[in-house]
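Trainee: Sequence below, structure please.
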Amino acid sequence: MTMHGHDGADARDGLDALRRAVRRDLGVIGYPRREWVPPRHHDGRRVLDVAIIGAGQGGLATAFALKRGSIDNVQVFDRAPRGGEGPWVTFARMITLRTPKYVTGPDLGVPSLTPRAWFEARYGAQAWEKLDKIPRQDWQAYLDWYRDVLDLPVANDHMFEGVTWEDGLLRLSFCTSAGERRVHYARKLVLATGIEGGGEWHVPAFIRENLPRVRFAHTSETIDFTALKGKRVGVLGAGASAFDNAATALEAGAGSVTLCLRRRAIPSVNPYRWMENTGFLAYFYALEDRLRWGFMQRIFELNQPPPQDTFWRCRQHANFAYHTGCPWDDVRMRGDEVVVQTPQGEMTFDFVIIGTGFTVDLSRRPETRSFAHAVALWGERYTPPEDEGSAVLGSYPYLGERYQFIARDPADPLAPMLANIHNFTFSATPSMGLSGASISGMRFGVERLAQGLGRDLYVADGQAHLDSLLAYDTPELISLDPPACDPV
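Mentor: Numbers count the residues shown, from 1 in each chain. Alright, predicted model coming up:
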């Protein structure tokens with residue numbers, strides 16, 4: 001979607017003025033101002049106080065929150081090239097965000113840093129008033145501006161490969177896009193790796209095993225939609241992403257698109273709108289396990305439906321069809337076509353798109369695989385009533401109140417390492433509510449995470465801070481003479 005408003009010069013002037021406003025606002029509220037974490041070194045190099053994996057919205061906002069707390073020895077790493085972080089200009093295929101335009105989050109309460117302030121500076125106040133929801137490309141542009149105006153420390157093209165525990169520090173291994181191996185040491189690690197950060201995107205085994213790889217794609221993958229022109233496309237899934245991909249295929253000229261979902265009706269209740277209240281967003285994490293489980297069971301049951309505009313984006317095409325109560329039981333190749341068996345009969349396609357979400361399993365992530373076996377899961381920490389059981393919910397990690405992993409066995413040698421790894425991905429949801437990978441809950445989650453990181457660092461260095469006070473001998477300049485008074 002292309003927005004119209006300011007011309008190029010007006011947009012530059014607007015953003016320049018906004019940059020100055022941000023600098024002034026941060027200067028006005030910038031107290032305390034000095035860095036307070038005692039430096040540590042390893043092999044002659046300073047150890048990072050906090051390393052953040054992922055330079056999408058969650059990682060950037062966390063870096064800003066730490067900076068506001070005068071924790072400056074922080075580095076953000078992302079595997080993508082600059083501008084390609086997160087889903088917004090890669091595999092997201094909605095036209096606009098699904099959240100209301102007035103949502104805030106990365107700004108952490110600073111008005112000049114809000115999406116609205118950026119949008120009005122870029123396009124004008126009138127364009128904001130006419131806006132329904134923020135286009136996804138504009139959201140990425142806003143995040144790019146946010147990173148620049150705050151001068152956040154991001155290293156792109158760094159693939160995180162894993163972490164080990166060495167001399168009470170986290171040893172982080174990376175491989176750059178140029179093939180170079182790099183190691184950094186850190187005291188704290190934040191995983192801000194998005195929706196799939198707790199596992200992997202899910203394609204049912206019977207599809208993976210029975211179809212050639214060139215005949216199917218998950219909604220999270222790069223798809224050449226121009227190659228689908230005139231083709232018969234099947235889409236499996238009931239969520240918003242399945243409909244987004246169906247619409248994109250139709251708009252690219254697909255011959256037909258048929259969407260199948262297991263549910264008897266298209267989901268119509270969006271629990272995210274219910275969750276957007278301060279009570280839930282700020283305090284859910286403090287509830288007892290029984291209540292958190294009950295909330296999440298209901299939320300997962302409802303899922304996130306396609307917004308009305310997304311549904312009509314598909315329905316406006318005469319060559320779109322959808323079938324409810326129509327799971328795929330089997331697939332196979334017959335000659336040059338994909339044959340899908342369903343309870344409603346056989347369907348044939350040229351290409352299929354899979355919108356079946358993701359699986360939470362830390363052992364499937366390269367960065368968490370080495371310690372996945374030691375992490376406590378919800379299914380091990382809470383036993384629900386028989387009629388409230390959920391294998392899916394039970395597979396999520398059970399986190400501490402500062403987003404830290406907890407060891408299955410407190411005596412495990414990995415327990416100290418896990419306490420210093422903070423999970424700010426979607427898989428934190430059952431423990432913490434909306435926070436990691438969620439725009440709606442970002443403000444509350446980021447502030448709680450940053451407070452927790454700062455608390456841990458301060459407590460760990462408590463003796464050093466006391467020693468600093470005991471050695472403090474810088475006198476105030478006190479004059480014993482009263483100030484001179486001007487004659488009346």
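
Trainee: pLDDT on the top helix by length along the chain, on average?
Mentor: Counting by DSSP state H, the longest helix found in the chain is helix 8-28. Mean per-residue pLDDT for helix 8-28: 94.

Trainee: Name the strands paired with the next helix or strand after it and say parallel or antiparallel.
Mentor: Using DSSP states H and E, the helix or strand that follows helix 8-28 towards the C-terminus is strand 41-42. Strand 41-42 pairs in its sheet with strand 45-46 (antiparallel), by DSSP bridges.

Trainee: Distance from the chain centre to the partner strand, please.
Mentor: 29 Å (C-alpha atoms, centre = their mean, to the nearest Å).

Trainee: contacts for that strand?
Mentor: Residues outside strand 45-46 that contact it (C-beta atoms under 8 Å, 6 or more residues apart in numbering) are P39, R40, N73, Y185. Heads up, the C-betas are built off the backbone N, CA and C, glycines and all.

Trainee: Show the average pLDDT along it.
Mentor: For strand 45-46, mean pLDDT rounds to 96.

Trainee: Toward the C-terminus from that strand, list the very next helix or strand.
Mentor: Toward the C-terminus from strand 45-46 - assigned by DSSP H and E - lies strand 48-53.

Trainee: what lines up beside that following strand in the sheet?
Mentor: By DSSP bridges, strand 48-53 pairs with strand 74-77 (parallel), strand 181-191 (parallel).

Trainee: that older thread, from the contacts of strand 45-46, which is closest to D481?
Mentor: Nearest to D481, judged by C-beta to C-beta, of the contacts of strand 45-46 is P39 at 40.7 Å.

Trainee: Run a quick check on the closest one versus N73, I expect a contact.
Mentor: Yes - using C-beta atoms under 8 Å, P39 is in contact with N73, at 7.2 Å.

Trainee: Show me which of those two is the more surrounded one.
Mentor: Taking other C-beta atoms under 10 Å, P39 and N73 do not tie; N73 has more neighbours (18 against 9).

Trainee: re earlier: make a markdown table out of the contacts of strand 45-46 and add distance to M417.
Mentor: Output for the contacts of strand 45-46, formatted as a markdown table (distance: C-beta to C-beta, whole Å):
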| residue | distance to M417 |
| --- | --- |
| P39 | 21 |
| R40 | 16 |
| N73 | 20 |
| Y185 | 13 |
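
Trainee: Just name the closest of those residues to N423, please.
Mentor: N423 has its nearest neighbour among those in Y185, at 20.1 Å by C-beta to C-beta.

Trainee: Just the pLDDT for the closest one.
Mentor: The model's pLDDT for Y185 equals 98.

Trainee: Spit out the contact partners of it.
Mentor: Y185 touches H42, D43, R45, V47, L48, E166, L169, L170, R171, L172, counting by C-beta under 8 Å, 6+ apart.

Trainee: Top of these by number of neighbours, please.
Mentor: Ranking the contacts of Y185 using other C-beta under 10 Å puts L172 first, with 23 neighbours.

Trainee: Just say helix, strand or coil for that residue.
Mentor: Of the three states, L172 takes strand under DSSP: H, G, I helix; E, B strand; the rest coil.

Trainee: so who does the closest residue to it other than its chain neighbours touch?
Mentor: Nearest in space to L172, with sequence neighbours left out and distances taken as C-beta to C-beta, 6 or more residues apart in numbering, is H184 at 4.8 Å. Applying C-beta under 8 Å, 6+ apart, we find H184 in contact with L48, A51, Q75, L172, F174.

Trainee: now with 7 Å?
Mentor: Counting by C-beta atoms under 7 Å, 6 or more residues apart in numbering, H184 touches L48, A51, L172.

Trainee: Identify the residues contacting stretch 120-137?
Mentor: Counting by C-beta under 7 Å, 6+ apart, 1, 3, 5-6, 11, 14-15, 17-18, 88-89, 92, 94-97, 101, 115-116, 119 sit against stretch 120-137.

Trainee: Just the buried residues out of the residues you listed, in PyMOL syntax.
Mentor: Typed into PyMOL, the line below selects the buried ones among the contacts of stretch 120-137, using 16 or more other C-beta atoms under 10 Å:
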select buried, resi 3+5+6+14+15+18+88+92+94+95+96+97+115+116+119
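
Trainee: now, which of the contacts of stretch 120-137 lie within helices?
Mentor: A11, G14, L15, A17, L18, P115, R116, F119.

Trainee: Would you check how far apart T248 and Q344 are?
Mentor: Counting by C-beta to C-beta, to the nearest Å, the separation of T248 from Q344 is 25 Å.

Trainee: So for these two, which residue has more residues nearby?
Mentor: T248 (21 against 12).

Trainee: quick one: what helix or strand has that one in it?
Mentor: Going by DSSP H and E, T248 is in helix 240-251.

Trainee: tell me the domain ranges of this structure?
Mentor: Following automatic domain parsing, one gets these domains for the chain: 8-198+360-461, 203-268+305-356.

Trainee: start to end distance for the last one?
Mentor: Meaning domain 203-268+305-356. For domain 203-268+305-356, the separation between the terminal residues is 7 Å (C-alpha to C-alpha, to the nearest Å).

Trainee: ok, now stretch 394-410?
Mentor: In stretch 394-410, first residue to last residue: 20 Å (C-alpha to C-alpha).
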